[in-house]
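K.L.:
Below are the sequence and a predicted model for it; my questions follow.
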Amino acid sequence: MDNLHDKIARLLLPAVTTPGQYIGTELNAIRKDPSECDLRVALAFPDTYAVGMSYIGYAILYAILNGKDDIGCERVFAPWTDAAEVMRKHDIPLYSWETRTAVRDFDVVGITLQHELSYSNVLYLLDLAGITFRAVDRGEDEPLIVGGGPLADCCEPVADFFDLVVLGDGEEAFPAVLEAIRELAGRKSGVRRGSGGGVGPSRRELLLEIGRRFPFVYVPQFYECNYHADGTLASLAPTEDGLPTCVERAIVADLDQAGYPTAPVVPFTESIHDRIAIEIMRGCPQRCAFCHAGHTRGPLRARSVDTIVDIAWQSYLKTGHDTVSLLSLSSSDYPDLGELVERLYGRFEGEHVGISLPSLRVDKQLKDLPGTVAGVRREGLTLAVETASDRIRKAIGKRVTDGDLLATVWAAYEAGWRRAKLYFMVGLPGERDDDIDAIVDLSGQISHLRREVAGGPAAVSATVSWLVPKPHTPLQFMAMQGADYFYEAKRALLWANKSLRGASVHLKFHHMQRSLLEGAFARGDRRLGRVIEAAYKAGAKFDAWDECFDYQLYVDAFAECGLAAGFYAHRERGEHEVLPWDHLGGTGRATLYRRYERIKAMVDTGQAS
């Protein structure tokens, strides 16, 4: 193995901005002796250190894997562009943060598929590591590339780049896969495929056995895609016996028994969410029609109050963070939310620790919550409103009314809150011009409402995103609205906001071209791997970052590959069309289609879906 300490210290760190993000000796980092590990795993996050260190799924796997004596797990992040330039100039390969070992020298590299705009960075990581892009072309001495995370169950656009993809919850599934790899490869300390010893099966044989052994593992190279003349998918099926025609999602039944970090790594530099993050519940009872996570992360499971309070306290003692963030898809649906907040407040009384409650669902129950946490330092009220139309909310399953929202905000203002963050979407089924205008009207009402409580308006931040229909949801069949529709909506909202009097409303908008690209990749098939590779070779990377994103690179890449982004983003799907994710946990599509038809019928009536 190539130890890179000297090169990194002499040539890389002095030449980059924020060198602290590349050091890797942070508080609570786990550094094992490689010679004592049967299997070495690199957890690679396809974005910057600041983003990756804020992702709780990454921290969970890091703690679980390092809790096993025979596994050494190290972190890897995507170096910023200045660091990549230095690394290429001085022949420094992508390395692990803990021991500064070349990523190519690991046995397994796990890459998180967090969102569609990170796809180019999958290739960026592989390129910097010197690993062959396409799984079928990799040599016996190259590490196994394993995908997982939120987009594992709709990963076809990047399927060719992965040896394995693990669907669903990773806490138990990923360690089980690693143990099988160790067992099948006959791995003992230092033994690698292709080292001349002839140990273990071939790469292909190992992958095939893993695919047959685990119902939640997808091995893309053993599945063949066929297409109709019109470009739609005709079939996607396994080419080898014993592989599942539909890969299942792994499910952790008991979150209290699942591993969770109580000594998370404390970043040297500022991260996106510099706080103690605790997942209090997995799944969501609401199952809103647009929400991929709500439809794929079930069943509903909650951590106990005792477990959450213990994790929070232990993490506080070992990190010093002054905010505890309670995470779930809908925190207000946690069954013992009032008790949890009171217990946390009691545990941290006098410690100047804030309690943050993102992802709150607005309803009549929630209006009592601000008073419950009146003694806790207030971090601001964040509410996912989605649309200002009661009619559309009912149709898409967002069981909230303007009355519920205003009652909640009133209670928050009475408890001392001064600001609110609201999240809206444009492009929902049945949306009309007046529904879009109502976003500003409702935001203005929420700002003005504080005048009645405290004499002055509240600072309201209203973020507007452009609806991207997602796989495994009822809206997977709908055509995404086009650029002209979104540009007109943005213009109308900005004009309406200028007309507000006495309110303090700040509008923010998601990047429109980025959303259009996301729309193409979200429901893409395996042919889009060619587009991603062409765009990357032309310079695409860090596509979620304004300073790096270049839409024209993708326009050119689609043209070069003879494909049309609109075919994937702006086309209605039929009831019986084969979808590129049907074989990835897609067993409920008939139910989803029936609900989609009901939504279309209901947007004019306001009935619930």
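P.N.:
Received the coordinates, thanks. None of these values were measured; they are calculated from a predicted model.
K.L.:
Name the helix or strand for Glu533, please.
P.N.:
Using DSSP states H and E, Glu533 sits in helix 528-537.
K.L.:
Buried residues in the longest helix along the chain, which are they?
P.N.:
Ordering each helix of the chain by length in residues (DSSP state H) puts helix 433-454 first. Buried residues in helix 433-454, counted by 16 or more other C-beta atoms under 10 Å: 435-450, 453. Backbone N, C-alpha and C define where each C-beta goes, glycine included.
K.L.:
worst-scoring helix or strand of this protein, pLDDT-wise?
P.N.:
Ranked by mean pLDDT, DSSP states H and E, the weakest helix or strand in the chain is helix 369-372, scoring a mean of 54.
K.L.:
Show the subsequent helix or strand relative to that one.
P.N.:
strand 381-386.
K.L.:
partners of the helix or strand containing Ile355 in the sheet?
P.N.:
Element membership for Ile355 (DSSP H and E) is strand 354-356. Counting by DSSP bridges, the strands paired with strand 354-356 are strand 323-327 (parallel).
K.L.:
C-terminal to the strand it pairs with, which secondary structure element comes first?
P.N.:
helix 337-348.
K.L.:
Report how many residues lie close to Asp525.
P.N.:
22 (other C-beta atoms under 10 Å).
K.L.:
Could you report the separation of Gln552 from Asp333?
P.N.:
According to C-beta to C-beta, to the nearest Å, Gln552 and Asp333 sit 43 Å apart.
K.L.:
Show me where the stretch 351-500 of the chain dips below the pLDDT cut-off.
P.N.:
358-380 (pLDDT under 70).
K.L.:
tell me the secondary structure for Pro244?
P.N.:
coil (DSSP: H, G, I helix; E, B strand; the rest coil).
K.L.:
can I assume it is in contact with Tyr223?
P.N.:
No: look at Pro244 against Tyr223 with C-beta atoms under 8 Å: they stay out of range, at 9.9 Å.
K.L.:
Comparing the two, which residue is more hemmed in?
P.N.:
Applying other C-beta under 10 Å to Pro244 and Tyr223 shows that Tyr223 carries more neighbours, namely 23 against 16.
K.L.:
who's the more buried one bridged to?
P.N.:
Pro238.
K.L.:
what's near enough to touch it?
P.N.:
Counting by C-beta atoms under 8 Å, 6 or more residues apart in numbering, Tyr223 touches 159, 236-239, 243, 583.
K.L.:
and if you look at Gly586?
P.N.:
Here Gly586 is in contact with 153, 246, 471-472, 579 (C-beta under 8 Å, 6+ apart).
K.L.:
Please pull up the helix or strand immediately following the longest helix of the chain.
P.N.:
That would be, after helix 433-454 and using DSSP H and E, strand 459-466.
K.L.:
And whichever helix or strand comes after that next one, what does it pack against?
P.N.:
Moving toward the C-terminus from strand 459-466, the next helix or strand (DSSP H and E) is helix 483-498. Here helix 483-498 touches helix 433-454, strand 459-466, strand 504-509, helix 512-522, going by 3 or more C-beta pairs under 8 Å, 6 or more residues apart in numbering; DSSP states H and E.
K.L.:
what do you get if the cut-off is 10 Å, keeping everything else the same?
P.N.:
Applying 3 or more C-beta pairs under 10 Å, 6 or more residues apart in numbering; DSSP states H and E, one finds that helix 483-498 contacts strand 419-426, helix 433-454, strand 459-466, strand 504-509, helix 512-522.
K.L.:
of all these, which lies closest to Arg31?
P.N.:
helix 512-522 (36.4 Å; C-beta to C-beta).
K.L.:
Identify each buried residue in that closest one, please.
P.N.:
In helix 512-522, counting by 16+ other C-beta under 10 Å, buried: 512, 514-522.
K.L.:
quick one: average pLDDT of that helix?
P.N.:
Averaged over helix 512-522, pLDDT sits at 97.
K.L.:
can I assume Asn121 is in contact with Thr81?
P.N.:
No: applying C-beta atoms under 10 Å as the test, Asn121 and Thr81 come out as separate, 11.4 Å apart.
K.L.:
sorry, back to before: reformat the helices and strands packed on helix 483-498 as a markdown table; add distance to Phe216.
P.N.:
Formatted as a markdown table, the helices and strands packed on helix 483-498 follow (distance: least, C-beta to C-beta, whole Å):
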| stretch | distance to Phe216 |
| --- | --- |
| strand 419-426 | 31 |
| helix 433-454 | 40 |
| strand 459-466 | 31 |
| strand 504-509 | 38 |
| helix 512-522 | 22 |
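K.L.:
so which of those comes closest to Ala129?
P.N.:
helix 512-522 (22.7 Å).
K.L.:
which other helices and strands contact that closest one?
P.N.:
helix 119-129, strand 459-466, helix 483-498, helix 528-537, helix 551-560, helix 565-569.
K.L.:
any residues touching the helix or strand containing Lys7, and which ones?
P.N.:
Using DSSP H and E, Lys7 maps to helix 5-7. Under the criterion C-beta atoms under 10 Å, 6 or more residues apart in numbering, residues 13, 86-87, 90-93, 95, 99-101 lie in contact with helix 5-7.
K.L.:
For the most centrally placed residue in the chain, give me its contacts.
P.N.:
By C-alpha atoms, centre = their mean, the chain has its centre lying nearest to Gln114, at 3.5 Å. Residues near Gln114 by C-beta under 10 Å, 6+ apart: 45-47, 51-52, 55, 57-58, 121, 149-151, 544.
K.L.:
Who are the packing partners of the helix holding Glu533?
P.N.:
Looks like helix 528-537 contacts helix 119-129, helix 512-522, helix 551-560, helix 565-569 (3+ C-beta pairs under 10 Å, 6+ apart).
K.L.:
Now it: average pLDDT?
P.N.:
98.
K.L.:
Next, the contact list for Pro335, please.
P.N.:
Contacts of Pro335 by C-beta under 10 Å, 6+ apart are 281, 300, 302, 305.
K.L.:
try 6 Å
P.N.:
Ala302 (C-beta atoms under 6 Å, 6 or more residues apart in numbering).
K.L.:
Could I get the phi/psi values of it?
P.N.:
The phi/psi pair for Pro335 (degrees, to the nearest 10) reads phi -60, psi -30.
K.L.:
Burial check on the residue nearest to Thr112 when sequence neighbours are not counted, number of neighbours?
P.N.:
Distances taken as C-beta to C-beta, 6 or more residues apart in numbering place Gly149 nearest to Thr112, at 4.1 Å, with adjacent residues excluded. Using other C-beta under 10 Å, Gly149 is surrounded by 24 other residues.
K.L.:
dump the residue contacts of Gly149.
P.N.:
112-114.
K.L.:
Swap in 8 Å and give it another go.
P.N.:
57, 112-114, 170.
K.L.:
Adding distance to Val219 and pLDDT, write those residues out as a markdown table.
P.N.:
Converted to a markdown table, the contacts of Gly149 look like this (distance: C-beta to C-beta, whole Å; pLDDT from 0 to 100):
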| residue | distance to Val219 | pLDDT |
| --- | --- | --- |
| Gly57 | 22 | 93 |
| Thr112 | 19 | 97 |
| Leu113 | 16 | 97 |
| Gln114 | 22 | 93 |
| Gly170 | 17 | 97 |
